[in-house]
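[1] model the structure of this input:
(chains A and B)
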Amino acid sequence: MKRWFPIVGLVLVALAGWGLAQQRGGAITIAIQTEPAAWDPTQVAGADISRVVYDNVLQGLVKRNPKGEIVPSLATRWTVSDSGLTYTFTLRQGVKFHDGSDFTAQDVLAKFNRARNPDTRASGHLRPDLYRDIANITSPNPNTVVFNLRQPNNDFLFILSRPESLIGPRNRSLAEQRTQPIGTGPFRFAGWERGVAVRLERNPNYYLQGLPYLDRVNFRFLGDGDAQLAGLRAGDLDVIAYSLLPENAVVLSRDNNFRVFSGTATAEAVAGFNNSRPPFNDVRVRRAITLATNKDELIQGAMLGYGTKIGSMRSPGEACYVDLSNFNAYNPDEARRLLAEAGFTNQNPLRFTFNLAAEFPYERRIGEAMVAQLNRLGPLQVSIQVTDFNTWIQRVFTQADYAMTIIGHVEANDIGNYANPRYYWRYNSPRFQQLFTQYLRAPNQTKACEALAAAQRLLAEDAAGVWVMSLPALGAHRARVQNWPEGFLSPGISVAEVWVR
Amino acid sequence: MFAYTIRRLGFALVTLWLATLLVFGAMLLIPGNPAQAILGIEATPEDVAALEARLGLDRPPLERYLNWLGGVLRGDLGQSIRYETPIAELIVARLGITLPIVLISLFLATLWAVPLGVLAARRAGSLVDLGVSMASLVGIVLPSFWVGLMFIYIFIVWLKLPLPTSFPIGGWANLERALAALVLPVLTVALASAAFLVRLVRGSVLEVLSQDFIRTARAKGLLERQVLYKHALRNAALPVVTVLGLEFANLLIATVVVETVFGIPGLGSLSLTAISARDYPLVQGVVLVIAAFIVLMNLWVDLLYALLDPRVSYA
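    Below you'll find the predicted structure:
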């Protein structure tokens, strides 16, 4: 006993110090770029919805933590059968929704039966395709929920960690959930001031003792990077959560009153081709564009060094990532040779338009710099067309009426979009589709990663797009904000453990 | 006068109706789809179709327009597609922020522009005149988003005045902060407006001062002060009053930029959101309200004319 005494003492001191350090109470205001149209990710898609509500207001069976790991949330543990067909979840007990009702297995059943209903008009639920492999869901006892799948799906836990899989009370009306979501998270949704902010307040009945630390959290909608900077300096804002302009990051990092944070997220800046029509149905032309793109220069010049070079549709933080960042590396001579082979020379240059959406500061400046690089080559004459995002969605995304464009794909694990020939890249490769299916149906993680690695390589060889960089998660907070999440691989900005001095 | 007013009101209604028709047509012509705008690029075409059905966007445009118009006639501006709240509530809340900005700015602008303009006109050609004219030129040329950012930099970052950089969360319930938040936007708008008005006042006074009746007034021995205030200013006021009416309407729209810079949820930023979200009924509602203001201001200016100038008669 005596031997243990110093250790026990140390632990006690450490615990006491830890307990003193975290102060409860207070409020912070966090700037986000856009104002979503609604707050229920099961009904409306959008990265900023998840940033606010994911794991703050609404929770699912499992969640992705800031490091991108899938960890328990409303399920405390789970088992997967050897066949990969049965997932059994043990539910957390004693959890209440913000309206005071109990969270039960019935809520889980109702949620996923709604999610997998192919009639989206009736269910009001997005993406039933994600849940297609669910054959049935049962609850053998109040603590347990069992998913039986039709075929193995390596992405199943990932799908359950997606924002679409968050769970609300089963009797809640869809309209109410859109504007005033109710969940089980550490904060309850206190109000939405249209055009201004969303207010979250501490959930006094949160099941994790002592959490959250903050009483109130406001998410303020401020699109303009300079207005954000002014707000942070004046003290109206405590945090710029992401999309901090690189030049502002440089300025703030020299000031002791602020902490700049940056890291790798899951947003790839994809300079996409319309692979289905000339000139980009010719792999030589696509490769030439890739070889003419100096990614290092773009990261330094347009982003002041923030950003990570990539070579395929995957970010370094994601599972099964293969580093292809130096594949088809900058080589203007080879680019000119390939273009000449395809019939384009300085005398007979390839002319096309590069579409940009005005609203995205990172992608817009990267796109403009990239076009300048391409025009420097000689046999390329590229013009820029800037439109608002909505026009971009209609022309480029929905109708695929474009040659080349650039946009950030924020969603994690979104390489599967290349398996959809109707997606706006119009990339139709049976080999890729086969590899992606192999990945989904692989019997184990090793096999799954092998297939996914091959898929990443195939995309790079095919030059199906120019994956310029993994965009940085770049933000800043005032020095009084403590314990800001380190890691940006969760769909949400989880603030349960953030506190202020 | 009464019959004239009634006739003008009739015209005003037709103008408003034409405005809604134009806006509806324009919104149909620009590309984009509100359902897709709400759902973003992660949604499937099926998701978009389902949302369109829920929002009634799968109905023919004419039917949607007539439904909307019918609602307006019953006093209902409808629901915003993006915000899922009654449009009238949104507009009233936003006007509650934009109207004070516009009215105070206009008041300040007049307060600065009239004395300066008169001074410049009286001393036409002098260094004072040159100074006022140059300053107003600079005020007109500088874009208000830049002036706004400079104001933030000078007053908040540099001088560290305790002014908010955006409208407070909680709005007017947070009265002190809300008022403080309007200081810099009002200054920005007022400065641009004064720069424009000062030239107008100067020109108008100069023109009147060159007229025969002023020479007569001076000839009969009136003091220069009396000539200026009794005779010249009243006549010079006519074009200024006209422009003030139009400037009011102008500022309602011009606040778009300033509201964006200062993070103010006013009518300007609402119309910007509505257009970029392709929220058709909201755009129509905002345009209807702004058009109504313009029409009313014009009417008011015309009626004021009759009061200021006995030669004008609407009988």
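[2] enumerate the residues of the stretch 351-500 of chain A near chain B.
    Within the stretch 351-500 of chain A, the positions near chain B by Cβ under 8 Å from any Cβ of the partner chain are A:359, A:388-391, A:393-395, A:397-398, A:407, A:409, A:411, A:422. Where C-beta positions appear, they are placed from N, C-alpha and C, glycine not excepted.
[3] among those residues, which are located in strands?
    A:407, A:409 (DSSP state E).
[4] quick one: mean pLDDT for the strand or helix carrying A:A335?
    Assessed by DSSP states H and E, A:A335 sits inside helix A:332-341. Mean pLDDT, helix A:332-341: 97.
[5] and the following helix or strand past that helix, how far from the chain's centre?
    Per DSSP H and E, helix A:332-341 leads on to strand A:350-357 as the next helix or strand towards the C-terminus. How far strand A:350-357 lies from its chain's middle: 26 Å, per Cα atoms, centre = their mean, to the nearest Å.
[6] partner strands of strand A:350-357 and their direction?
    The pairing partners recorded for strand A:350-357 under DSSP bridges are strand A:380-387 (parallel), strand A:404-409 (parallel).
[7] which of these sits closest to B:E46?
    The minimum distance between B:E46 and the strands paired with strand A:350-357 falls on strand A:404-409, with 20.1 Å, by Cβ to Cβ.
[8] keeping just the C-alphas, turn the closest one into CSV.
    What follows is strand A:404-409, C-alpha atoms only, in CSV (Å, rounded to 0.1, in the frame of the first residue of the first chain):
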residue,chain,number,x,y,z
MET,A,404,-13.3,22.1,-66.7
THR,A,405,-14.0,23.5,-63.2
ILE,A,406,-12.7,23.4,-59.6
ILE,A,407,-14.5,22.9,-56.4
GLY,A,408,-13.7,21.5,-52.9
HIS,A,409,-15.3,18.1,-52.1
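[9] what number of residues lie near the residue of the stretch 151-300 of chain B found nearest chain A?
    Closest contact between the stretch 151-300 of chain B and chain A, by Cβ to the nearest Cβ, is at B:P265 (3.7 Å). By other Cβ atoms under 10 Å in any protein chain shown, 24 other residues sit near B:P265.
[10] which strand or helix spans the residue nearest to it when sequence neighbours are not counted?
    In this structure, B:P265 finds its nearest non-sequential neighbour in A:G195, 3.7 Å apart by Cβ to Cβ, 6 or more residues apart in numbering or on different chains. Assessed by DSSP H and E, A:G195 sits outside every helix and strand.
[11] equivalent analysis for A:A473, please.
    strand A:465-478.
[12] angle of that strand against strand A:404-409?
    Computed by axes from the mean of the first three to the mean of the last three Cα atoms, to 10 degrees, the angle separating strand A:465-478 from strand A:404-409 equals 40 degrees.
[13] so how far is the helix or strand following strand A:465-478 off the chain centroid?
    Note on strand A:465-478: by DSSP H and E, the next helix or strand toward the C-terminus is strand A:481-482. Averaging C-alpha positions (Cα atoms, centre = their mean) puts strand A:481-482 23 Å from its chain's average.
[14] what's strand A:481-482 packed up against?
    strand A:499-500 (3 or more Cβ pairs under 8 Å, 6 or more residues apart in numbering or on different chains; DSSP states H and E).
[15] right, and B:V283 touches B:S276 too?
    No: the pair B:V283 / B:S276 is not scored as a contact, 10.1 Å apart, by Cβ atoms under 8 Å.
[16] more neighbours: which of those two?
    B:V283 (24 against 18).
[17] and the helix or strand where the more buried one lies, does that touch chain A?
    Taking DSSP H and E as the criterion, B:V283 maps to helix B:280-308. No: contact of helix B:280-308 with chain A (Cβ under 8 Å from any Cβ) is absent, the minimum separation being 10.6 Å.
[18] check which residues of that helix are buried.
    By 16 or more other Cβ atoms under 10 Å in any protein chain shown, the buried positions in helix B:280-308 come out as B:280-291, B:293-295, B:297-299, B:301-302, B:304-305.
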